[in-house]
Every structure is written in structure tokens, then in C-alpha cells.
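Peer 1: sequence below, structure please.
(one chain, ligands or ions: 2)
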Amino acid sequence: MVKHLISILDVEDKIRDLLDLALEIKEKTRIGERYAPMEGQTLGMIFEKPSTRTRLSFEVGAVQLGAQAIYMSRNDLQMGRGETISDTSRVMSRYLDIIMYRAFDHCNVIKLAENSTVPVINALDDLEHPCQALADLLTIYEKKIRFEDLKLAYLGDGNNVCNSLLLASAAVGLDISIATPPNHGPNEKIIKEAMRMAERTHAEINIINSPREAIMNADIIYTDTWVSMGDESETCDRISTFTPYQVNGDMAALADEEYIFMHCLPAHRGQEVTDSVMDSNNSVVFDQAENRLHIQKAIMVYLLGLVDL
Ligand code: CP
Ligand code: NVA
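Peer 2: Ligands and ions are numbered 1, 2, ... in the order given. Now for the predicted structure:
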């Protein structure tokens with residue numbers, strides 16, 4: 001059966017193995033050891049939205065693994081003129097070995113995968129950003145050496161990044177407190193799935209409205225933009241609704257002294273986070289961005305069946 005990564009749920013039992021594989025691959029890259037199991041293969045990358053990290057890390061990752069990558073903007077494809085996702089997927093499967101898709105609509109990522117004979121990776125949609133959450137876990141593991149007895153506080157919008165982070169935390173037993181304004185919480189189905197996993201892993205999950213309560217004694221502070229791609233028409237309202245959730249020096253002072261600050265980037269400095277936190281010694285945002293490269297190499301190698309996990 002073809003393996004896909006559409007949701008964190010697709011790899012919930014494989015996360016620790018994927019992290020170990022990513023660490024191994026990262027070390028090989030660091031010491032300059034060639035690791036090219038995708039020699040002769042091709043990654044197709046479909047983008048409906050802009051990207052800096054995802055595009056670069058997938059493209060560089062594919063090249064480092066011996067493959068080549070092809071960038072496709074939706075508007076340059078016949079998909080942009082109405083060719084169906086399922087026909088597009090069937091055609092692409094005949095040329096490509098693996099496909100990465102950044103979409104507006106989660107259903108379209110599922111449709112692409114359902115009709116594909118090669119692995120499909122969700123590179124962000126309106127519901128999830130699984131590659132980001134796996135890179136985040138890798139970063140937390142490197143910085144804190146464990147997931148147990150740690151508290152992650154997520155402040156801001158219960159968006160795609162928050163949904164995947166919630167699932168990923170629940171899967172590895174990392175306690176998570178999410179503070180959002182009312183009506184901006186994470187997806188209800190995702191919360192249910194996270195609760196189900198937490199029964200097994202004993203992760204403590206708190207979904208609340210008080211940012212101060214969430215951040216109290218946190219080991220990890222995480223935030224993301226208040227205005228995700230596609231939400232631009234709500235910008236003014238969102239900025240006023242979310243202002244109490246800004247991660248600034250006063251807010252961060254409530255966390256554990258050795259907290260790390262995380263953000264998937266791009267950051268909107270002065271909105272969800274201030275320069276004082278973003279540029280502090282506690283901030284690990286650029287290590288986190290780098291880890292997109294290493295975890296995605298592990299994800300591709302795993303989905304293609306080039307390693308047994
Ligand atoms: N974090 C992230 O996915 O960044 P890009 O939008 O730049 O890809
Ligand atoms: N939540 C953000 C993440 C960007 C990487 C968005 O969807 O725009």
C-alpha cells in the first residue's frame with residue numbers, strides 16, 4: 001500500500017522512529033557523508049500558496065538525497081484552469097516518484113492522495129501542517145532531550161500549525177496548553193483525536209482562553225501568525241482580537257526560566273511576537289527552520305519505503 005503523510009495521524013506510531021532517522025540523516029549531512037537513496041527519482045512540488053522554508057527545504061532535501069525536484073505553481077498547471085485533482089494526480093503519478101502539495105483545502109490534499117499511486121505529502125493546508133509539527137518535535141527533542149514532564153504553551157490562533165502540533169504532542173506524551181480567543185480554538189475533530197492518543201501517552205491537554213494560564217511555567221513557548229494565508233480579509237479584526245495573546249517579555253517571564261521560544265515562521269514581529277523574545281537567547285526559531293530539511297528527508301525516505309521503520 002502507498003504511504004502518505006496527510007495528517008500527523010498517518011504517522012502517529014512512527015514519530016519516534018522518524019525523529020531517530022532524521023537525527024541520523026542530519027549527522028550524515030553534518031559530517032559530509034553522502035546519503036542518496038533517492039538517486040534517479042523525482043519529487044513534484046505543487047504550491048497554491050507562497051513559501052520560503054517549505055519550498056527550499058524540500059527542494060534542497062531532494063537534491064541531497066540524490067533526487068531532483070520540480071516546482072509547480074497551481075496557476076501554471078491545468079488544475080488552475082479546471083482539470084480535476086483526481087485526473088491531475090493520476091497523470092502526475094505516471095511521471096513522479098513522490099508528490100508534495102501545499103493547498104488551501106485539506107479535502108484536495110486527500111483527493112490528490114486517493115488518486116495517486118505514489119506517496120503524497122501535505123506541505124500545509126487549512127487544517128494541518130504535519131511536516132512543521134514533526135520538525136518542531138525534532139527541535140524540542142534536541143533542545144530538551146525528552147518529551148515527558150515538559151509543558152508546551154501555544155498562544156494565538158488555533159490554526160493548521162496548532163492542530164498538527166496538538167496531535168504531535170499528544171502522540172509523544174508532551175503536555176500542551178493552548179490559549180486562543182473564544183471561537184479561534186483548534187479543530188474539534190483534531191482535539192478528539194488528540195484526547196484519544198493522550199489516553200495512551202498520558203499527555204496533558206488544556207484548551208483554554210487565558211494566555212497567562214497557558215504560559216505559566218511552560219518549558220516551550222510557541223506562537224504563529226494571527227493571519228494565516230487565506231485569512232487576509234480578516235486582518236484588522238484579528239489583530240485586535242489576538243493582541244492579548246502576544247508573546248512579549250512580560251508574558252515570557254511567566255514561563256520557566258529555561259524556556260525555549262518557537263515559531264514556524266514567517267513571524268510578524270510586533271504582532272504575535274516581539275523582537276525581544278524572537279531575538280533572545282531562548283529563541284530556537286532558526287534551528288527549528290533548519291530541522292524542516294532533516295525531518296522531511298526522513299519523511300521522504302520512509303514514505304518511499306527506502307528504509308524500514
Ligand atoms: N513554516 C513554513 O511552512 O514556512 P513557509 O511558508 O515559508 O514554507
Ligand atoms: N498558519 C500559517 C503558517 C505559515 C507557515 C499559514 O497557514 O499561513
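
Peer 1: contacts, neighbours, all on C-alpha from now
Peer 2: OK.

Peer 1: list the contacts for Cys131?
Peer 2: With C-alpha atoms under 8 Å, 6 or more residues apart in numbering as the criterion, the residues that contact Cys131 are 122-124, 292, 295-296.

Peer 1: now it: how far from ligand 2?
Peer 2: According to C-alpha to the nearest ligand atom, to the nearest Å, Cys131 stands 10 Å off from ligand 2.

Peer 1: next, that residue: secondary structure please.
Peer 2: helix (DSSP: H, G, I helix; E, B strand; the rest coil).

Peer 1: got the residues of the stretch 201-309 of the chain near ligand 1?
Peer 2: For the stretch 201-309 of the chain, the residues in contact with ligand 1 under the definition C-alpha under 6 Å from any ligand atom are 264-266.

Peer 1: touching ligand 2 at all, the helix ranked longest in the chain?
Peer 2: Once the chain is assigned using DSSP state H, the helix that runs over the most residues is helix 285-303. No. Shown here: helix 285-303 not in contact with ligand 2 (C-alpha under 6 Å from any ligand atom), separated by at least 10.6 Å.

Peer 1: what helices or strands is that helix leaning on?
Peer 2: helix 15-31, helix 53-64, helix 130-144, strand 260-263 (3 or more C-alpha pairs under 8 Å, 6 or more residues apart in numbering; DSSP states H and E).

Peer 1: helices along the stretch 151-300 of the chain, start to end?
Peer 2: With DSSP state H, counting those that start in this stretch applied, the stretch 151-300 of the chain shows helices at 160-172, 188-201, 211-215, 235-242, 249-252, 275-278, 285-303, listed in chain order.

Peer 1: need the winner for burial among those helices.
Peer 2: Of these, the one with the most neighbours on average (mean count of other C-alpha atoms under 10 Å) is helix 160-172, at a mean of 26.

Peer 1: now for that one, which elements pack on it?
Peer 2: Counting by 3+ C-alpha pairs under 8 Å, 6+ apart, the packing neighbours recorded for helix 160-172 are helix 15-31, helix 130-144, strand 175-179, helix 188-201.

Peer 1: now with 7 Å, please.
Peer 2: Using 3 or more C-alpha pairs under 7 Å, 6 or more residues apart in numbering; DSSP states H and E as the contact definition, the elements that helix 160-172 packs against are helix 130-144, helix 188-201.

Peer 1: with mean pLDDT added, can I get the ones you listed in JSON lines?
Peer 2: Formatted as JSON lines, those follow (pLDDT from 0 to 100):
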{"stretch": "helix 130-144", "mean pLDDT": "99"}
{"stretch": "helix 188-201", "mean pLDDT": "98"}
